[in-house]
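[1] what's the 3D shape of this:
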Amino acid sequence: MPFNQPTKTPLLPLLLLAAMGMTAAGCAGEGGKFVAEAAGMATTAQEAKPFVQETRPADPAYIPVGSAVTRQAPRKPVDDFKKMEAELEAKRTANEAAGTQARSLGATPPPKPAVLPTN
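    Purely as a prediction, here's the structure:
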């Protein structure tokens, strides 16, 4: 009874898979990008629209990640925090009242089934 040995499998599928992998890896470089663009598998980045170029600064002042650069942030006065806390507390109270009302409306018993008249 013959059995399939792993060494006797055809090499064509393996070679095809290796060739596809090398082709995909080659597309990562500039030379392969031309081939990928010609095949319709890659695109070039478009230039930004004029209104986008006008609204973005040429040199954004980003703080790099991991740097020790700090910037001053304006602090809010305590009165603003008290006002926000009062607004949130009022919203919480309103939400609790709405939940209580919904709970009471949901606790009504279901209606009795309709009685069909008999002839």
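
[2] now the longest helix anywhere in the chain: mean pLDDT?
    Across the chain, the longest stretch assigned as helix under DSSP state H is helix 78-106. Mean pLDDT, helix 78-106: 96.

[3] For that helix, buried residues please.
    Buried residues in helix 78-106, counting neighbours by 16 or more other Cβ atoms under 10 Å, are absent. Heads up, the C-betas are built off the backbone N, CA and C, glycines and all.

[4] Tell me the gap between that helix and the middle of its chain.
    Here helix 78-106 is found 31 Å from its chain centre; the criterion is Cα atoms, centre = their mean, to the nearest Å.

[5] other SSEs contacting it?
    On a contact count with 3 or more Cβ pairs under 8 Å, 6 or more residues apart in numbering; DSSP states H and E, helix 78-106 meets no helix or strand.

[6] how close does Phe81 get to Glu87?
    Distance of Phe81 to Glu87, computed by Cβ to Cβ, to the nearest Å: 11 Å.

[7] how much space between Lys33 and Ala42?
    6 Å.

[8] tell me the phi and psi of Ala39?
    phi -80, psi -10 (degrees, to the nearest 10).

[9] count of residues packed around it?
    9 (other Cβ atoms under 10 Å).

[10] How about Lys33?
    Using other Cβ under 10 Å, Lys33 is surrounded by 16 other residues.

[11] chain center to the lowest-mean-pLDDT helix or strand in the chain: distance?
    Every helix and strand in the chain was compared by mean pLDDT, DSSP states H and E; the lowest is helix 30-39, with a mean of 70. In terms of Cα atoms, centre = their mean, the centre of helix 30-39 is found 29 Å from the chain centre.

[12] Now do it: which elements does it pack against?
    If you count contacts as 3+ Cβ pairs under 8 Å, 6+ apart, helix 30-39 packs onto helix 12-26.
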